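**Q** Model the structure of this input:
(2 chains)
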Amino acid sequence: MSASRSAIWWGGAAVACAAVALAAGAAQEPDRSAAGVYETGRLGLITQPDQVAPPVGPSYGVGPYPLYPPELAAGGGREVVERDCGLCHSTVYITMQPPLPRAAWQATVQKMIRTFGAPIPEDAARAITDYLAAHYSPETRVR
Amino acid sequence: MQHATDLTITRRRLLQVLGTGIGGVALAGPQRGWGQAASAVSAELPPFTGPGPNPYWNSVGPFATYPQKLPLIRLTDRPVQLETPRPYFALPITPNDAFFVRWHLDRIPNAVDLAHWRLRVEGTVRRSLALSFDNLLKDYPAVSLMAVNQCSGNSRSRLQRRVPGGQWGNGAMGNALWTGVRLKDLLATAQVPPAAVQVQFEGLDRGEGPEGRGSSRFQKSLDLTNPVLDECIVAYAMNGAPLPLLNGFPVRLVVPGYFATYWVKALTWIRTLDRPDENFWMKTGYRIPDTARGNTTPEAVASGQVHTVPLSSMPVRSFLVTPDHASKVPVGLPVTARGIAFSGAARVNRVEVSVDNGQHWRDAQLGEDQGRYAFRTWSCAWTPEAEGKQVLAVRATDERGNVQIDAPVWNPGGYLWNQIERQEITVGPAH
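**A** This is a model prediction of the structure:
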């Protein structure tokens, strides 16, 4: 992928270079640097949390931990997933995983019910497994 | 889809540099290098990796800021799992505010009231104890030990085939100076009778699940005959400071050489048992095949033939920290490759580096010996002699002769990964 990207770029650059060389004439300073390139940031800005004074007395605490609910893929079963999977953990546990085949999702849902005792009825479990396989498997996952 | 995005970015970048050029500043010729750099402004990592192995050193989650923490890589938010970014491992000791975080269940403490918190030593003992934080500070001798704390699933995202679980890169580890009281001093005070066989540890890592299930309490146990108990510390300080809440304030168990699953955070109950612990986190979770390197196959697991044992000590590992993927090294420039190594079994006494993708190896220089359970830093001078992609590799050996090999690990829990690490470095022309 990066090879093809480079090829596209170099091709473009070569054409551009030739065009500018024609316009500006050949006797220029050597091309020693590129400079002054900025772009409005879309990524990477993390606001600093305020410096909170710790509680007085024998209590040692930090306040709430932040939650960032992910946007799960749109589709039938999403609400059941958000409700039932979200009983014990956030649904980032789903989006963090690599694409998993249906059998792996089924085993995971069954583990939550049989091993961990999640109160998820059978029809909901089926809907959850169908949803996960439909959006988070190697064949179906897009984001 | 991915291709189209790349093309768009490339055209935009091209226009920017073109604009700069027309404005009178120098313009790139094809043999120059700057226009090639990807934009850190708008090009983001993919939100997940797989089904192939995670190709990045760390996992791909976003940076997020948590209480008492610098921005770390967020794996999950409820319960909290945070990974330490690679550059922090350039330090021989991992700072508390960069130390990785891994909780199992979602009712984790936001605050602890030391007026009411007590460390209880109970179960099969002659004398139950309920110790305040102050008791731990004043009634028992303080000891300090530097030791690596590494998640059992560190590097899980390398496995093929991929397994469910926390998709850690390499940053679920850290090295700290732990200070506290000896576990054996507490057990001696409580007087453990011969009838006791195991000691169970439970902290404030609790969940919504029904009582008696692994979703309710997190508990780990060790055999009372295990010699590691003599080295365990109930730590109330980490690098000379209180533990961050997310790392287990007020005290956590330190089990030197063992995976972090035993290092129970917010430790509140030490319970001796007269029969082996059969709770989920011992009987089902955190187990590995009883084979060399914990290796097995999906087929063997499916056949039900795999005998498992609880995880214990950490295999030998080494990591290259710098130079990294972002470095482009001019040919002929002397650089120093640096990193860390450790082993749960014995002191690391050799680190070797290859600059030709593992064909030839040379000894790296070892840094200060911080103790047998600590990070051992290493460095290796390297002057690249040829342009192009060069692959650096690193392997460590410990005093018992355990050495990393160049073969993957696979087990269904995604534990024990310790294959030789590699880093591809771009070497460019110097003129």
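**Q** Tell me where the chain is predicted with low confidence.
**A** All of this is about chain A. Applying pLDDT under 70 to chain A flags residues A:1-28.
**Q** right idea, wrong chain: chain B
**A** If you take pLDDT under 70 as the line, chain B has these spans: B:1-39.
**Q** Give me the domain ranges for it.
**A** B:96-285, B:317-428 (automatic domain parsing).
**Q** so B:Thr336 sits in a strand?
**A** Yes: per DSSP: H, G, I helix; E, B strand; the rest coil, B:Thr336 lies within a strand segment.
**Q** Just give the number of residues close to the residue in the stretch 201-350 of chain B that chain A sits nearest to.
**A** Using CB to the nearest CB, B:Ser215 is the residue of the stretch 201-350 of chain B that sits closest to chain A, at 3.8 Å. (C-beta placed from N, C-alpha, C; glycine too.) By other CB atoms under 10 Å in any protein chain shown, 24 other residues sit near B:Ser215.
**Q** Leaving out sequence neighbours, find the closest residue to it.
**A** B:Gly209 (2.4 Å; CB to CB, 6 or more residues apart in numbering or on different chains).
**Q** Over to B:Asn411?
**A** B:Gly294 (5.0 Å).
**Q** Next: B:Trp417.
**A** That would be B:Ser155: by CB to CB, 6+ apart, it lies 4.0 Å from B:Trp417.
**Q** what number of residues lie near that neighbour?
**A** B:Ser155: 29 neighbours (other CB under 10 Å).
**Q** Tell me who's in contact with it.
**A** Contact analysis of B:Ser155 by CB atoms under 8 Å, 6 or more residues apart in numbering or on different chains lists B:168-170, B:172, B:417.
**Q** distance of it from chain A?
**A** 14 Å (CB to the nearest CB, to the nearest Å).
**Q** State the distance from that residue to A:Tyr68.
**A** 24 Å (CB to CB, to the nearest Å).
**Q** Neighbour count and secondary structure for the contacts of B:Ser155 - can I get that in CSV?
**A** As requested, the contacts of B:Ser155 are exported to CSV (neighbours: other CB atoms under 10 Å in any protein chain shown; DSSP: H, G, I helix; E, B strand; the rest coil):
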residue, neighbour count, secondary structure
B:Trp168, 30, coil
B:Gly169, 25, coil
B:Asn170, 25, coil
B:Ala172, 27, coil
B:Trp417, 23, coil
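**Q** ok, which stretches of the chain are helices?
**A** As the question left the chain open, I've gone with chain A. Secondary structure of chain A by DSSP state H: the helices cover A:2-24, A:78-84, A:92-95, A:102-110, A:122-135.
**Q** looking at chain B here, not the other one
**A** B:2-22, B:133-139, B:183-190, B:280-283, B:298-303.
**Q** how many other residues sit next to the nearest residue to B:Leu114 once chain neighbours are set aside?
**A** Nearest residue to B:Leu114, sequence neighbours excluded (CB to CB, 6+ apart): A:Pro58, at 4.4 Å. Per other CB under 10 Å, the neighbour tally for A:Pro58 reads 14.
**Q** Indicate the residue of the stretch 101-250 of chain B located nearest to chain A.
**A** B:Ala111 (2.6 Å).
**Q** Provide a list of residues in contact with the nearest residue to that residue once chain neighbours are set aside.
**A** Of all residues not flanking B:Ala111 in the chain, A:Gly61 sits nearest, at 2.6 Å (CB to CB, 6+ apart). By CB under 8 Å, 6+ apart, A:Gly61 lies in contact with A:54-55, B:110-112, B:245.
**Q** how about a cut-off of 6 Å?
**A** By CB atoms under 6 Å, 6 or more residues apart in numbering or on different chains, the contact list for A:Gly61 reads A:55, B:110-111.
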